[in-house]
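Student: Quick check, what structure comes out for this input:
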Amino acid sequence: MNRPDPQALAGQRLQWLEQRQQVLAKNIANANTPGFQPSDLPPFERQLQRAGAAAGVMRTDPKHLASAGSDGAVRERRNAERSPDGNGVALDVQALKVAETDQAHALALNLHRSWVGMFRTALGRG
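Tutor: Numbering: from 1, shown residues only. Have a look, this model is predicted:
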């Protein structure tokens, strides 16, 4: 099985997270724009599946838990929850998405730094 380079994968994840923050910032900036509908990027897992990098979670031991199979997609506000001017931005939902994305960004950045640190150590530069 061909496994993706963890460092490249972390870089792709960081790019996706940066793009998502831009989309969420646009949603928040348009919270008072009549008729504006929020958008979001497809989950990163879908991007990996399209690229063929993710064949699913690998269980290396029978005692490991099986994947729940959720794609992590979050539903946007229903029509009944839209403001009278047709704006669909829920600031609380967008704030949660921003916080989630920020947390994922910190994790991906730390993983990227860890890989660089391991390479430096392996090269005797650590």
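Student: Next, give phi and psi for P84.
Tutor: Backbone torsions of P84, given as degrees, to the nearest 10, read phi -60, psi -30.
Student: How much space separates it from R125?
Tutor: Applying C-beta to C-beta, to the nearest Å, the value for P84 to R125 is 61 Å. All C-beta spots, glycine's among them, are computed from the backbone N, C-alpha and C.
Student: can you give me the helices in this structure?
Tutor: Under the criterion DSSP state H, helices of the chain are mapped to 6-29, 44-51, 91-122.
Student: For the worst-scoring helix or strand of the chain on mean pLDDT, which helices and strands make contact with it?
Tutor: Comparing every helix and strand of the chain by mean pLDDT, DSSP states H and E singles out helix 44-51 as the least confident one, with a mean of 80. Applying 3 or more C-beta pairs under 8 Å, 6 or more residues apart in numbering; DSSP states H and E, one finds that helix 44-51 contacts helix 6-29.
Student: same for the helix it packs on, what does it pack against?
Tutor: Applying 3+ C-beta pairs under 8 Å, 6+ apart, one finds that helix 6-29 makes contact with helix 44-51, helix 91-122.
Student: and that helix, which residues are buried?
Tutor: Residues of helix 6-29 classed as buried by neighbour count (16 or more other C-beta atoms under 10 Å): L9, A10, Q12, R13, L14, W16, L17, R20, Q21, L24, N27.
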